[in-house]
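Colleague: no sequence on this one, just coordinates:
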């Protein structure tokens with residue numbers, strides 16, 4: 001810890017390890033820190049992980065106080081016995097652009113990350129040092145070099161009171177007239193914990209506590225089942241978990257298996273957006289996307305053989321034999337399987353997400369016979385497309401028996417080229433700039449403003465299809481009455 005801050009502290013005869021006789025119980029002062037954050041309606045973080053470009057910095061202590069800004073600190077476990085007779089000096093600076101101390105590098109990373117994400121930022125950012133094993137009186141007895149480099153107004157000692165800690169931190173960052181927004185500042189510093197900004201939410205949205213807990217939990221050599229309703233954020237945390245693994249362990253190899261090609265491409269695009277928004281740098285070559293169709297022979301698939309982590313999104317859509325093969329050949333890999341809540345866990349490690357990002361979507365149910373279902377759909381689409389673009393609509397058919405007939409009729413009626421989604425559909429060769437026609441199993445990963453579901457009365461599987469809509473849904477319910485002899 002000594003050399004992380006200064007180049008050298010001691011004469012050659014001075015021991016460089018802290019005394020073992022000093023009490024390490026700092027829980028009371030940590031509670032003082034939490035009290036300060038509560039009093040200021042702010043937030044206190046321990047061991048905060050900051051990722052910027054290809055740099056990973058662990059910040060011992062970090063406060064975000066809306067009316068004051070950011071205060072970050074380094075915890076130094078110096079004690080009086082070890083420092084007796086020692087001197088301290090700053091290391092020589094290699095160049096003007098690179099700070100010579102850990103605190104300096106931390107501040108530079110914070111400022112650069114905020115500037116990169118927010119374009120312009122003037123957030124107050126102040127530093128302090130927590131000497132958790134040194135009292136103020138003991139500090140006063142140290143060599144004058146300590147006093148020259150470490151001004152007491154930035155030091156918190158192991159005998160600092162709740163009141164003195166509050167006073168020092170408030171003095172470092174005086175109160176402002178206008179508050180900083182947490183999602184804007186902390187969302188930038190924790191971009192991997194954020195749903196990136198949209199037109200509706202310009203500063204983004206933080207993940208839920210249970211999602212954050214999943215991201216922060218270290219899983220290895222196990223099978224983990226991730227459960228949740230539709231729109232509970234399973235794919236959201238899966239791709240962020242992959243990103244966090246790549247940030248923490250650059251040499252990790254990850255295989256992500258999705259039900260369809262386009263589903264994997266959507267996840268990959270989301271990952272790239274997170275990387276670009278968060279001013280991060282990761283090795284994308286360490287990440288492989290595949291589908292069950294391309295991964296059938298697990299023992300011979302190179303992406304599986306090289307991976308230490310395998311993630312299956314919407315695993316409940318995949319064949320049981322395929323999942324059994326993944327588990328049987330898992331060896332020491334971490335295997336993550338995401339399921340809908342109605343499925344039974346197949347592992348001892350299980351997490352259930354209780355979030356629901358799906359807002360209440362208005363939907364209409366229109367009865368139709370099998371003979372006029374297509375005509376009913378065309379009439380409904382004609383009304384809708386008077387006010388919106390075709391690319392905002394997805395038509396989901398119960399199965400693919402008549403999918404080509406529906407595409408032909410829709411193309412001819414509206415003079416468009418509707419996109420027919422199959423398991424092989426790829427954004428490498430086609431775009432989604434027109435109305436989409438598909439079946440439930442091929443709608444994975446897609447969310448559209450308006451959904452039209454054509455299904456029979458006997459079908460009870462409305463939930464998944466309707467979960468693809470963000471604004472409205474229309475169910476064209478086909479009745480098939482039994483005819484007498």
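Modeller: Sure, I can see it. Quick caveat, the model's predicted, so the values are computed rather than measured.
Colleague: Contacts for stretch 361-370 next, please.
Modeller: Residues outside stretch 361-370 that contact it (Cβ atoms under 8 Å, 6 or more residues apart in numbering) are 376, 380, 466, 469-480. From N, CA and C alone the C-beta is placed, and that goes for glycine too.
Colleague: I figured residue 476 was touching residue 373, is that so?
Modeller: Yes. Using Cβ atoms under 8 Å, residue 476 is in contact with residue 373, at 5.8 Å.
Colleague: who's in contact with residue 394?
Modeller: For residue 394, the contact set (Cβ under 8 Å, 6+ apart) comprises 435, 436, 437, 438, 443, 446, 448, 450, 451, 452, 468.
Colleague: Out of those residues, which sit inside helices?
Modeller: Using DSSP state H, no member of the contacts of residue 394 falls in helices.
Colleague: Next step: the residues you listed restricted to strands.
Modeller: Residues of the contacts of residue 394 located in strands (DSSP state E): 436, 437, 438, 448, 450, 451, 452.
Colleague: okay, those residues in a markdown table with distance to residue 325 and neighbour count next?
Modeller: Formatted as a markdown table, these follow (distance: Cβ to Cβ, whole Å; neighbours: other Cβ atoms under 10 Å):
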| residue | distance to residue 325 | neighbour count |
| --- | --- | --- |
| 436 | 32 | 23 |
| 437 | 32 | 24 |
| 438 | 27 | 25 |
| 448 | 34 | 21 |
| 450 | 39 | 21 |
| 451 | 34 | 26 |
| 452 | 37 | 25 |
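Colleague: picking that back up, now, the most widely separated pair of the contacts of stretch 361-370?
Modeller: Spanning the widest gap among the contacts of stretch 361-370 are 470 and 480, at 30.8 Å by Cβ to Cβ.
Colleague: Tell me which of the two has more neighbours.
Modeller: residue 470 (17 against 10; other Cβ atoms under 10 Å).
Colleague: Does the more buried one touch residue 393 like I think?
Modeller: No. Contact criterion Cβ under 8 Å: residue 470 and residue 393 do not qualify, at 11.8 Å.
Colleague: got any residues that touch both of these two?
Modeller: With Cβ under 8 Å, 6+ apart, residue 470 and residue 393 have common neighbours 448, 449.
Colleague: follow-up on the earlier one: shared neighbours of residue 476 and residue 373, which are they?
Modeller: residue 454.
Colleague: Checking residue 99 next. Helix, strand or coil?
Modeller: coil (DSSP: H, G, I helix; E, B strand; the rest coil).
Colleague: ugh, wrong one, residue 241
Modeller: Quick answer, by three-state DSSP: residue 241 is helix.
Colleague: Go ahead and confirm it touches residue 311.
Modeller: Yes. Residue 241 is within contact range of residue 311, at 7.5 Å (criterion: Cβ under 8 Å).
Colleague: for the stretch 101-250 of the chain, what spans make up the helices?
Modeller: 102-118, 136-140, 144-149, 162-172, 182-189, 209-216, 234-248 (DSSP state H, counting those that start in this stretch).
Colleague: Check which helices and strands the longest one sits against.
Modeller: If I follow you right, that is helix 102-118. strand 43-52, strand 55-65, strand 69-76, strand 125-131, helix 182-189 (3 or more Cβ pairs under 8 Å, 6 or more residues apart in numbering; DSSP states H and E).
Colleague: Give the partner strands of the second one in its sheet and their orientations.
Modeller: Just to be clear, that refers to strand 55-65. strand 43-52 (antiparallel), strand 69-76 (antiparallel) (DSSP bridges).
Colleague: Could you list the residues in contact with it?
Modeller: Contacts of strand 55-65 (Cβ under 8 Å, 6+ apart): 33, 36-37, 40-50, 70-75, 105-106, 109, 128, 130, 169, 173, 180, 182, 185-186, 247-248.
Colleague: ok, 7 Å please
Modeller: 33, 37, 40, 42-50, 70-75, 105-106, 109, 130, 173, 182, 185-186, 247 (Cβ atoms under 7 Å, 6 or more residues apart in numbering).
Colleague: now do the fourth one
Modeller: Applying Cβ under 7 Å, 6+ apart, the external contacts of strand 125-131 come out as 61, 69-76, 78, 103, 107, 110-111, 139, 150, 154-158, 172-173.
Colleague: Quick check: the residue nearest to residue 463 when sequence neighbours are not counted vs residue 469, distance?
Modeller: Residue nearest to residue 463 in three dimensions, not counting chain neighbours: residue 230, with 6.3 Å by Cβ to Cβ, 6 or more residues apart in numbering. Residue 230 sits 11 Å away from residue 469, going by Cβ to Cβ, to the nearest Å.
Colleague: what do you get for residue 380?
Modeller: 14 Å.
Colleague: So between these two, which is more surrounded?
Modeller: The neighbour comparison of residue 380 against residue 469 (other Cβ under 10 Å) goes to residue 469, with 24 against 17.
Colleague: Hmm, that one is touching residue 451, no?
Modeller: Yes. Between residue 469 and residue 451 there is a contact under Cβ atoms under 7 Å: 3.9 Å.
Colleague: I'd like the contacts of residue 394 written out as TSV, with distance to residue 298 and pLDDT added.
Modeller: Formatted as TSV, those follow (distance: Cβ to Cβ, whole Å; pLDDT from 0 to 100):
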residue	distance to residue 298	pLDDT
435	37	97
436	32	96
437	33	97
438	28	95
443	26	89
446	27	89
448	33	92
450	39	95
451	35	95
452	38	96
468	30	88
